[in-house]
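In: For reference, the sequence and a predicted model appear below.
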Amino acid sequence: MHTLKENNPVYRYWVLVAMVMIAGFSQGMLLPLLAIMLEQIGISSSLNGLNAAGLYIGILLVSPFIEKPVRHFGYKPVIVTGLILVATSLLLFPFWQVFWFWFMLRVIVGIGDNLIHYATQVWITSTSPKAKRGRNLSIYGLAFGIGFGIGPLMTRLLAINEYLPFIIASVTSLLSWGFIMLLRNEWPDNQIETGSRLNTFGRYKKVLSLAWFALLPGFCYGFLEASLHGSFPVYALRSGITIEWVSILLPSFVVGSLVTQLPLGILSDKIGRKNVLLSVLFLGSISFAAMAFLESSMLGLLLCFIIAGMFLGSLFSLGIAYLADLIPSSLIPTGNVMVSICFALGSIVGPVVGGIFIDLFETGSIYYSISGMLLFVLIAGLVFKQRQEDSEVNVMKQNAV
């Protein structure tokens, strides 16, 4: 027998938002925490980056196979499976501190996190009215940002007990299981499931032809997130920045995103996603380039991190909303799979490139790598053709009606 809460779209939405906050927390904690622990035992920055990439290799491995289980079993079982994988892996990290064991656990966490992200993204995107899609996905992104920002604070608990951060993260994942169990399972509706008779490759090709630029913010955010949380702690320690300051600077990026996440989503509903995306890419690139010149001042660096967060914290949610504007509803699940793949690729490339830059160059290496990547995506957006722009205008006209 189902409760009233199960049938309440508002309750369902906020439970899903809580799920992504939990996933963000586990990712935000693991990246800097394990990077610091590996650095302290003498692992090179390149290998450190490779270990950090394990999380995103897991995301990449499961992405091509995630759409079918959601269509067949529904959203809820996929989310629950992801929660179990994440909680179990987090508990196992402290028991055997071996490089390749941690790598494999990170792969499993990446698989679990992607199950949670994908199912919640499609569930929210498919049930949100087009006129409120930017707002709803901005809150979704905001929740992930809050969780991701709280995560690095767990590095301070290493001084108390190295088991403590992992226990807290695991228990949090298990508690969220209770909330998701209150929801009634749902599936992508019939239109989404049967509206396209293309095979998998055909669907991927169709999404690329309609909305290739809308996939790049996912890559961009993955590169940015993994570089900051996987490579920046190593760069900071080698540059004389203390762990205490690292635990302040990383959350400050999220603090900046909290201020503008919802306003940018609402603004994109009004003036178009592409206009907002190009603006934040440009301003974000400038913000990271400026960090190289302000590194000697912790307050200046802190201000730059906050400003960069204000511009770039919405990249992922804006990209998903823009993608949903450009493709038919029958391709939304496929589009979200492709966003997950792009996010994983960016997240794998980010720490590896960051580690190589740290080994090869000195001052400003991590900032220049991020700024250059943002500039590359900005240029790609500027050459995005009229066909896609017309599609977005048509959707906005339908929303206005």
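Out: Looks like it came in fine.
In: how far does stretch 89-99 stretch from start to finish?
Out: Length of stretch 89-99, first residue to last, Cα to Cα, to the nearest Å: 15 Å.
In: If you count neighbours, what's buried in it?
Out: If you call a residue buried by 16 or more other Cβ atoms under 10 Å, then stretch 89-99 has these buried ones: 89-91, 93. Bear in mind the C-beta positions are built from the backbone N, C-alpha and C, glycine included.
In: And the contacts of it?
Out: 26, 30, 34, 37-38, 41, 43, 47, 51, 102, 105-106, 108-109, 112, 162-163, 166-167, 169-170, 173 (Cβ atoms under 8 Å, 6 or more residues apart in numbering).
In: go on, stretch 27-42?
Out: 45, 47-48, 51-52, 55, 90, 93, 97, 99, 102, 106, 109, 113, 147-152, 154-155, 158, 162, 165, 169, 225-226, 229-234, 237, 243, 246-247, 250, 254.
In: Any quick PyMOL command for the buried ones out of those residues?
Out: Buried subset of the contacts of stretch 27-42, written as a PyMOL selection, criterion 16+ other Cβ under 10 Å:
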select buried, resi 45+48+51+52+55+90+93+102+106+109+113+147+148+149+150+151+152+154+155+158+165+169+225+226+229+230+231+232+233+234+237+243+246+247+250+254
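In: Please flag which of the contacts of stretch 27-42 sit within helices.
Out: If you go by DSSP state H, the contacts of stretch 27-42 have 45, 47-48, 51-52, 55, 90, 99, 102, 106, 109, 113, 147-150, 165, 169, 225-226, 232-234, 237, 243, 246-247, 250, 254 in helices.
In: List the residues that contact the residue lying closest to residue 51 once chain neighbours are set aside.
Out: Nearest residue to residue 51, sequence neighbours excluded (Cβ to Cβ, 6 or more residues apart in numbering): residue 103, at 5.3 Å. By Cβ under 8 Å, 6+ apart, the residues touching residue 103 are 50-51, 54.
In: want to try TSV for these, with pLDDT and distance to residue 302 as columns?
Out: What follows is the contacts of residue 103, written out as TSV (pLDDT from 0 to 100; distance: Cβ to Cβ, whole Å):
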residue	pLDDT	distance to residue 302
50	82	29
51	86	28
54	87	30
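In: What is the nearest of the residues you listed to residue 325?
Out: Set against residue 325, the nearest of the contacts of residue 103 by Cβ to Cβ is residue 54 (33.5 Å).
In: I figured that closest one hits residue 106, correct?
Out: Yes - at 3.4 Å, residue 54 and residue 106 qualify as touching, with contact defined as Cβ atoms under 8 Å.
In: returning to what we had before: on the pLDDT front, check the residue nearest to residue 51 for me.
Out: Note on residue 103: pLDDT of 94.
In: And for residue 393?
Out: At residue 393, pLDDT is 41.
In: Show me what the host helix or strand of residue 343 is packed up against.
Out: Here residue 343 is covered by helix 332-360, with elements defined by DSSP states H and E. The contact analysis (3 or more Cβ pairs under 8 Å, 6 or more residues apart in numbering; DSSP states H and E) places helix 332-360 against helix 45-62, helix 67-73, helix 99-127, helix 200-226, helix 232-238, helix 315-326, helix 365-382.
In: now the last one and helix 315-326, what's the angle there?
Out: Between helix 365-382 and helix 315-326, the angle formed by their directions is 10 degrees, by axes from the mean of the first three to the mean of the last three Cα atoms, to 10 degrees.
In: List the buried residues in helix 365-382.
Out: 365-371, 373-375, 377-378, 381.
In: which intervals of this protein have sub-threshold pLDDT?
Out: 1-7, 189-198, 386-401 (pLDDT under 70).
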